[in-house]
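Participant: Have a look at this prediction, sequence included:
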Amino acid sequence: MYEIRLHSRGGQGGITAAKLIALAAFRDGRHATAFPFYGAERRGAPVVSFIRIDDNPIKIYSQIKKPDLIVVLDPSIMELVDVFDGLKDGGTVLINSQKPADIPQYKSYYVDLTDIALKVGLIVAGTPILNTPVVGALAKIGLFSRESAQSAIEEMFTDPRNTQAAMLAFDEVKHE
Amino acid sequence: MNENKHTTLSTGNNAVATAVRDAKVQVVAAYPITPQTEVVEQIANFCENGIFDAKYIPVESEHSAMAACIGASIMGTRAFTATSSHGLLYMHEMINWAAGARLPIVMANINRALGPGWNIWADHSDALQTRDTGWLQVYVSTVQEAYDTTLMAFRIAEDQRVYLPVMINLDGFALSHINQLLTTEPIEKIQAFIPPYHLDHAIDPNNPRGYGTMTAADQFVQIRYDIERSMRASCAVIEEAEQEFAKACGRTYSWTDEYLCDDAEILIISMGTLGKEAEVAVDILREEGVKAGSMRLRWFRPFPDIQSRLVGRDLVVIDRDYSFGYGGIIASSIRAKTGLESYNVIAGLGGQEVTYLDIASFVRERKIGKEVWFGIEETKNGYEISRSDI
Amino acid sequence: MSGIPTTEYLKKCTSSCPGCSATLILRYVLKAAGPDTILVVPACCTSVLQGVYPNTSFDVPVYNVAFASAAAVASGVAAACEYTGKKTNIIAFAGDGGTVDIGIQALSGALERDTNFLYICYDNEAYGNTGMQRSGSTPHGAITTTTPTGKRHFKKDLDRIVSAHNIPYMATSCAAYPKDIYTKVQKALSIKGPKFMHILTPCPPGWRYSSEKSIELGKLAVKTGIWAMYERENGKLKLSSQTIAAIRKPLPIEDYMSPQGRFKGLDPSQLTKTKQEIQFNLRRLEREAREADEDGAEEGA
């Protein structure tokens, strides 16, 4: 079982991102579940979402304590919470950032998703939307195929800028 | 799997809304409450987008939601509502009315704790407080099961042998908000499975009758007994519906969802999503050589006949509910029905995290005849169930 | 009575009190509505007087429902009729407690949602069915079993609450004027959307007068001006002729109150307050009717 914890802020699309990630994994022929931890629904508040991917049906509903992968959509959250808490030794990290993070103990990736969203004009209510570009970045990391990422995005969104942003993120994601 | 265009990811809430649409419900009356909101939102969306021709009544309270469903149902139209927690208790009066009036209304209740303090997470106390109202109650554990059971609920409720309302229960957030795979069925198949709504006692101005008039004790007792007779008759109807559903759609459901129970020496008994999590605990325990099994109760009303499955085994009963001054509701129901004692773990109240590792520990630490509250240190050695100490 | 059908939908076997004017109202409501009608009745005198199961004295379907739920159940009935294309008249028939107190939330919701039904509040100014406790509709100074020295608060102005919902038709009437009830119910049922009627219902045991005086008291209520009869169509108020006459030449309020045991304890200051309230209400209604008239004249020009 591959377990992912995704950190975002309310309004950034983290919950939809989790669903897209699970859907892309499913389009790859695997089982997947995605769920957020909900507090009171407030814009801007830190939100945690969980994704599980496996070859067999998934029976676990409890939160992920020891993730294989951490995704950080808003790096400013790293000042508030220990986003690496419980991450498996040698686990993977993807951060929405212009520069690499100093975490040599993990497999670290970074990509400027905000810049990509702004570039293609993915902005809702003044907030750059990161949920579709992040799926492209995760395809590059090898979570699922590029085609499955595209298929998941197209199932949920009709605006072609979403796929465009994902493909840009696929190309731009960097390994430290 | 990918070739099936009807399979995608869905939340539990969306699965219920989709089943309501596919079952061609005619009147929906609902009031929003967390974590049920997505059910109402989706239904309203389906209606506005013209893909669902039900009359959607955006009522001003849950009491009115059930009242409006009663009005629609007695007129011979298929009615549905959804609620949660405080909403369920706010409509409690009308819940009784719906069953007493023999109306096959279907309701989804997204299980949530009751305040105070405010708590929006999973807890079975809401639905279990309505267990004596004459509603059939079923508790589901996956998104697929939520969809399938909602479809079956209409067929069961509307069967002339039953004519009682059905409440489908989904754990708040844990199931209402999780995205899992959902395979939906073609409308023609569903139409064949759920016959058109027909209510023998529907209102007809050409044949005027008084409904719910003053009723003296003799007739009242008869009317009450009729409810119980139908509740018992519903057992056969439930089994038929589940068998027919399996034939039509290939997915099998029963009174309980059992995992490695046949040779089990210890049974973990629970309801809702914890029942699935318990299966993972069973795998871990089996690796340790502990012969455990998981029995998830699906139906709570009518209460399943499970005595023969339980006798001779250690029972670990997880209650996500409590009857104050008495005990866990599932454990005490099992004791009342079968005379069997269990190790009763009160766990998961108010969305308390209970993992498969915790459930495995419950089994290892079991003390039959005692009750513990998960997370409450002073109960760790267990209360005597007899409770001479309170 | 000329022009009113002789068909009866209320059989002569109700279990109502002698002199019950709620029964009289219902008789004419049903004559106006005809056989294709469904009554939705919450807990009130009408839930009792229709008879004991399995018998009923009504010749239209009656759906008895819980106290707070009449307007909401009617919403469901209306949605079902809309779905199936039925043109059946849907009438919620509720007492004052079930309307101004426990049922007001459901009523407000149903009116706001443009529900196609007629809601009739028959107002005997107390919880009659349970033995005359005060309701929000009990008038100032009236003795009830829960206001043994007379009610300290004033009667809730239900009609202004309802009119704030801007419904297409609302009217008041009084049991002593069956033809007025008949005409207004017919008109109400000819209009689509939410309609509301508020009908004063003299009640011998509740108001403490002898049972042959119900009609007389109803007329006195109107002639003294303590009860006004009017229609409000699309927001425009039109006073009924009986109330126009009462404004011109009102009878003294004492004529209405003195035959009723419930006002026995009324002291002079309470009487003064009641008189002021009557004057205030009538002036307001007059003003509103005049404005509606002037608006109508402008539109006409």
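Facilitator: Alright, I've got the coordinates. Numbering: from 1, shown residues only, chains lettered A, B, ... in the order given.

Participant: which residues touch residue C:150?
Facilitator: C:140-143, C:263, C:265-266, C:270 (C-beta atoms under 8 Å, 6 or more residues apart in numbering or on different chains). C-beta coordinates here come from the backbone N, C-alpha and C atoms, glycine included.

Participant: Residue numbers of the stretch 201-350 of chain B in contact with chain C?
Facilitator: Proximity of the stretch 201-350 of chain B to chain C, by C-beta under 8 Å from any C-beta of the partner chain, involves residues B:203-205, B:208-216, B:219.

Participant: Which one (most neighbours) among the contacts of residue C:150?
Facilitator: residue C:142 (27 neighbours; other C-beta atoms under 10 Å in any protein chain shown).

Participant: Hmm, it is touching residue C:261, no?
Facilitator: No. Between residue C:142 and residue C:261 there is no contact under C-beta atoms under 8 Å: 9.8 Å.

Participant: pLDDT at the nearest residue to residue A:89 once chain neighbours are set aside, what is it?
Facilitator: Spatial nearest neighbour of residue A:89, excluding adjacent residues (C-beta to C-beta, 6 or more residues apart in numbering or on different chains): residue A:105 at 7.5 Å. On the pLDDT scale, residue A:105 is placed at 94.

Participant: Just say helix, strand or coil for residue A:105.
Facilitator: coil (DSSP: H, G, I helix; E, B strand; the rest coil).

Participant: Need the max-distance pair from the residues of the stretch 201-350 of chain B next to chain C.
Facilitator: Greatest spatial distance among those (C-beta to C-beta): B:205 and B:216, at 26.9 Å.

Participant: With neighbour numbers in mind, choose between those two.
Facilitator: residue B:205 (16 against 9).

Participant: wouldn't that one be in contact with residue C:87 here?
Facilitator: No. Using C-beta under 8 Å, residue B:205 is not in contact with residue C:87, being 10.5 Å away.

Participant: Now the common contact residues for the two.
Facilitator: What both residue B:205 and residue C:87 touch, as defined by C-beta under 8 Å, 6+ apart, is the set residue C:36.

Participant: what's the average pLDDT for the longest helix along chain A?
Facilitator: In chain A, taking DSSP state H as the definition, the longest helix is helix A:14-27. Averaging pLDDT along helix A:14-27 gives 96.

Participant: Contact partners for residue B:197?
Facilitator: Residue B:197 neighbours (C-beta under 8 Å, 6+ apart): B:26, B:76-78, B:104, B:158.

Participant: helix or strand for it, which one?
Facilitator: Of the helices and strands defined by DSSP states H and E, none includes residue B:197.

Participant: pLDDT weak spots in the chain?
Facilitator: Let's take chain A. Where chain A drops to pLDDT under 70, the residues are A:39-42.

Participant: was after chain C, sorry
Facilitator: C:1, C:299-301.

Participant: Quick one: neighbours of residue 150, just the number.
Facilitator: Just going to use chain A. 20.

Participant: Chain B, not that one
Facilitator: Should you count by other C-beta under 10 Å, residue B:150 turns out to have 27 residues around it.

Participant: Kindly list the main-chain dihedrals of it?
Facilitator: Dihedral angles of residue B:150 (phi, psi; degrees, to the nearest 10) stand at phi -60, psi -40.

Participant: Show me the contact partners of stretch C:7-25.
Facilitator: C:26-27, C:30-31, C:35, C:37, C:45-46, C:48-52, C:55, C:57-60, C:95, C:120, C:122, C:124, C:175-176, C:178, C:181, C:199, C:201-205, C:210-215, C:218.

Participant: meant to ask about stretch B:222-239, not that
Facilitator: For stretch B:222-239, using C-beta under 8 Å, 6+ apart, the contacting residues are B:99-100, B:102, B:134, B:136, B:152, B:156, B:159, B:161-164, B:215, B:254-255, B:299, B:301-302.

Participant: and if we set it to 10 Å?
Facilitator: B:99-100, B:102, B:133-136, B:138, B:152-153, B:155-164, B:166, B:215, B:241, B:253-255, B:298-299, B:301-305, C:53 (C-beta atoms under 10 Å, 6 or more residues apart in numbering or on different chains).

Participant: Would you pull up how far it lies from the middle of the chain?
Facilitator: Distance of stretch B:222-239 from its chain centroid, counting by C-alpha atoms, centre = their mean, to the nearest Å, is 17 Å.

Participant: Repeat that for stretch B:247-257.
Facilitator: 16 Å.

Participant: Can you flag the buried ones in the contacts of stretch B:222-239?
Facilitator: Buried members of the contacts of stretch B:222-239, counted by 16 or more other C-beta atoms under 10 Å in any protein chain shown: B:99-100, B:102, B:133-136, B:138, B:152-153, B:155-159, B:162-164, B:166, B:241, B:253, B:255, B:298-299, B:301-304, C:53.

Participant: follow-up on the earlier one: buried ones from the residues of the stretch 201-350 of chain B next to chain C, can you make that a ChimeraX selection?
Facilitator: Buried members of those, defined by 16+ other C-beta under 10 Å, are picked up in ChimeraX with:
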select /B:203,205,208,210,211,212,213,214
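
Participant: ok, of the residues of the stretch 201-350 of chain B next to chain C, which one's closest to residue A:48?
Facilitator: Among these, and counting by C-beta to C-beta, the member closest to residue A:48 is residue B:212, at 49.9 Å.

Participant: Could I get the pLDDT score of that closest one?
Facilitator: 95.

Participant: Residue B:386 now?
Facilitator: For residue B:386, the predicted pLDDT is 56.

Participant: Keep only those of the contacts of stretch B:222-239 that are in strands.
Facilitator: Those of the contacts of stretch B:222-239 mapping onto strands are B:136, B:138, B:166, B:299, B:301, per DSSP state E.

Participant: quick one: least confident helix or strand in chain B?
Facilitator: Taking mean pLDDT, DSSP states H and E as the measure, the helix or strand of chain B with the lowest value is strand B:383-384, at a mean of 72.

Participant: what helix or strand is the nearest residue to residue C:116 once chain neighbours are set aside on?
Facilitator: Nearest non-adjacent residue to residue C:116, counting by C-beta to C-beta, 6+ apart: residue C:78, 5.0 Å away. Applying DSSP H and E as the criterion places residue C:78 in helix C:70-84.

Participant: center of chain C, which residue is that?
Facilitator: residue C:199 (2.2 Å; C-alpha atoms, centre = their mean).

Participant: which ones are touching residue A:68?
Facilitator: If you count contacts by C-beta under 10 Å, 6+ apart, then residue A:68 has A:1-5, A:52-53, A:87-88, A:90-92, A:143 around it.

Participant: Try it again at 7 Å.
Facilitator: A:2-4, A:88, A:91-92 (C-beta atoms under 7 Å, 6 or more residues apart in numbering or on different chains).

Participant: among the residues you listed, which are in strands?
Facilitator: A:2-4, A:92.

Participant: now, among those residues, which is nearest to chain C?
Facilitator: Of all those, chain C sits closest to residue A:4, with 44.3 Å by C-beta to the nearest C-beta.

Participant: all helices of the chain, in order?
Facilitator: As the question left the chain open, I've gone with chain A. With DSSP H as the criterion, chain A has helices spanning A:14-27, A:113-120, A:131-141, A:146-156, A:161-172.

Participant: right idea, wrong chain: chain C
Facilitator: Along chain C, counting by DSSP H, helices occupy C:21-33, C:45-49, C:70-84, C:104-112, C:158-163, C:178-189, C:204-207, C:214-223, C:241-248, C:253-257, C:268-300.

Participant: So which elements touch the shortest one?
Facilitator: Helices and strands touching helix C:204-207, as assessed by 3 or more C-beta pairs under 7 Å, 6 or more residues apart in numbering or on different chains; DSSP states H and E, are absent.
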